[in-house]
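> structure of the sequence below:
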Amino acid sequence: MADFVRDVMTPGAVAVRPGASLVEAAQLMRAQDIGDVLVADGEHVVGVLTDRDITVRAVADGADPLTVSAESVCSPDPVMIGPGERVSLAISLMREHAVRRLPVVENGMPVGVVSLGDLAETQDPGSALAEISRAAPDE
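This next block holds a predicted model:
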């Protein structure tokens, strides 16, 4: 079992600037085959934007995804963790804050994301969640 976040995180965080449109963010998610992006201003992570956020907080309300910014729809002030922190802390933070992913930040800059799926793959590789996380996406 991995002890540190750096051992389980998905490296290379994908981010958009706060003023990016939801269309830009969604296109980036599609291109990277991911369900979320960090919203960062170049110096700080200001939020996490998920595909669900786009759907539920914008499109379902009739907002124009070409004109609505990522910052206005994202979950602001995300709970974050450092790569040198213990996996047990990541699990505790996810439980305490009811989140499925944590931005991994070092010296204020995003370096990755640790997700519930990442943790399942390393902590409980035989679980259904781990198997789903390893499965190739439908084309």
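> mind checking the SS state of Val37?
strand (DSSP: H, G, I helix; E, B strand; the rest coil).
> quick one: neighbours of Val73, just the number.
24 (other C-beta atoms under 10 Å). C-beta here means a position set from N, CA and C on the backbone, and glycine is covered the same way.
> go ahead and confirm it touches Leu22.
Yes. Val73 lies in contact with Leu22 (C-beta atoms under 8 Å); the separation is 6.4 Å.
> mutual contacts of these two, please.
Taking C-beta atoms under 8 Å, 6 or more residues apart in numbering as the criterion, Val73 and Leu22 both touch Ile54, Ala58.
> low-confidence stretches in this protein?
Residues of the chain meeting the criterion pLDDT under 70: 1, 123-139.
> let me see the ranges of the helices in it.
5-8, 22-32, 51-57, 70-73, 87-97, 116-123, 128-134 (DSSP state H).
> deepest of those, which one?
helix 70-73 (a mean of 22; mean count of other C-beta atoms under 10 Å).
> which residues sit in contact with Met109?
Here Met109 is in contact with Glu43 (C-beta under 8 Å, 6+ apart).
> could you redo the last one with a cut-off of 10 Å?
Ala13, Ala15, Ala40, Gly42, Glu43, His44, Val45 (C-beta atoms under 10 Å, 6 or more residues apart in numbering).
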